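# For reference, the sequence and a predicted model appear below.
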Amino acid sequence: MRLKISQFLVVFLIVGALTLGGCSGQNVTSDPASPTSTAGETQTTTTTEATSVSETINESVPGMKDLPRLEGNATVVITVNGSPITIEVDGTNAPITAGNFVDLVQKGVYDGLVFHRVVRDPQPFVAQGGDPQSKDPTVPVNRLGTGGYVDSKTGKERRIPLEIKPKGEESPIYGKTLESARVSKPPELQHKMGAVAMARSQMPDSASSQFYFALADLAFLDGSYAVFGNVTEGFDVVNKIQQGDRIDSAKVTQGAENLKTPE
């Protein structure tokens, strides 16, 4: 099912339901204009010089070696209102985004967090959560959607680069949308109904812990936001999520051994 809504409404929904409120360029430590690992200067295709995910992470993009990564797939079960949602997390096509998510699940970051934005009208759109501030019930509602995961070791918010792998390419593009990288190929991981992706501000490299479920096919978001998995069981539970519902728990049930964290 594809959304049939006006261009104005599409823009409004993207800004209102996917961006992190209150997050400005001054708060973003990554440089969204830095070169990406695989984007070339041609008009329609990417280069194929990158040889492996590990090599790309360790050498091509500053700071990537300090982020967790998922080398392969993992299964995460999120329980909401007592019912499970099974997510297949794709570290093959989105190693950094998937690794960040699985690492935060392992740390218990998502347990008790609220879905602070759920947009179903005028058409099904997204259910978004993952702001660590929402664990505290005294935090004002208007602040929810502005927070990310703060690493206890560094005292700083962990941010991950925008990571999108064009179809047929060996490695993802980092730090750019496919449009800004002048890539015409569709992404490997697309916004089909049940897709799980990272929310971010207008700065490409500003995602941290907030994620969303796609409640419908949202092709207009492809290439602009990083999809890292999809719901394989329990989409009926996703469809019942209401704004203010909390995540009871999030657990890695398979593939934890595929998570690689920095020494």
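Thanks, I have it.

# What segments of the protein are strands?
69-70, 73-80, 83-90, 115-119, 126-129, 163-164, 173-174, 195-198, 211-214, 227-233, 247-254, 259-260 (DSSP state E).

# what residues does the third one touch?
By that I understand strand 83-90. The contact list for strand 83-90, computed with CB atoms under 8 Å, 6 or more residues apart in numbering, reads 70, 73-79, 98, 101-102, 189, 196, 228-235, 237-238, 240, 253, 255. All C-beta spots, glycine's among them, are computed from the backbone N, C-alpha and C.

# ok, of these, which come out buried?
70, 73-79, 98, 101-102, 189, 196, 228-231, 234-235, 237-238, 255 (16 or more other CB atoms under 10 Å).

# Check what pLDDT P262 gets.
Note on P262: pLDDT of 88.

# swap in D248?
98.

# any idea how far it lies from G129?
12 Å (CB to CB, to the nearest Å).

# List the residues that contact the closest residue to T97 other than its chain neighbours.
Residue nearest to T97 in three dimensions, not counting chain neighbours: F228, with 4.1 Å by CB to CB, 6 or more residues apart in numbering. Going by CB under 8 Å, 6+ apart, F228 touches V89, D90, A94, T97, A98, F101, E163, L189, V196, A197, M198.

# State the mean pLDDT of stretch 159-174.
Rounded mean pLDDT across stretch 159-174 is 96.

# do the same with stretch 184-193
On average, stretch 184-193 scores 97.

# and that stretch, how far from the chain's centre?
14 Å (CA atoms, centre = their mean, to the nearest Å).

# The chain should start at 35 in everything you say after this.
OK, 35 is where the count begins now, so the last one is stretch 218-227.

# buried ones in it?
Buried, per 16+ other CB under 10 Å, within stretch 218-227: P221, E222, L223, Q224, H225, M227.

# tell me the contacts of the last one?
Residues counted as contacts of M227 (CB under 8 Å, 6+ apart) are M35, A248, L249, A250, D251, F269.

# Could you count how many residues lie near the closest residue to V148 other than its chain neighbours?
Of all residues not flanking V148 in the chain, S168 sits nearest, at 3.7 Å (CB to CB, 6+ apart). Using other CB atoms under 10 Å, S168 is surrounded by 23 other residues.

# What residues does S168 make contact with?
S168 neighbours (CB under 8 Å, 6+ apart): L147, V148, H150, L178, G181, R280.

# Can you give me the buried ones in stretch 113-120?
For stretch 113-120, by 16+ other CB under 10 Å, it's T113, V114, P118, I119, T120.

# Just list whatever residues bridge to the last one.
With DSSP bridges as the criterion, the beta-bridge partners of T120 are V111, E267.

# all helices of this structure, in order?
Taking DSSP state H, the helices of the chain run over residues 41-51, 87-89, 129-140, 269-272.

# per-stretch mean pLDDT over the ones you listed, give me the minimum one.
Of all the helices of the chain, helix 87-89 has the smallest average pLDDT, which comes to a mean of 42.
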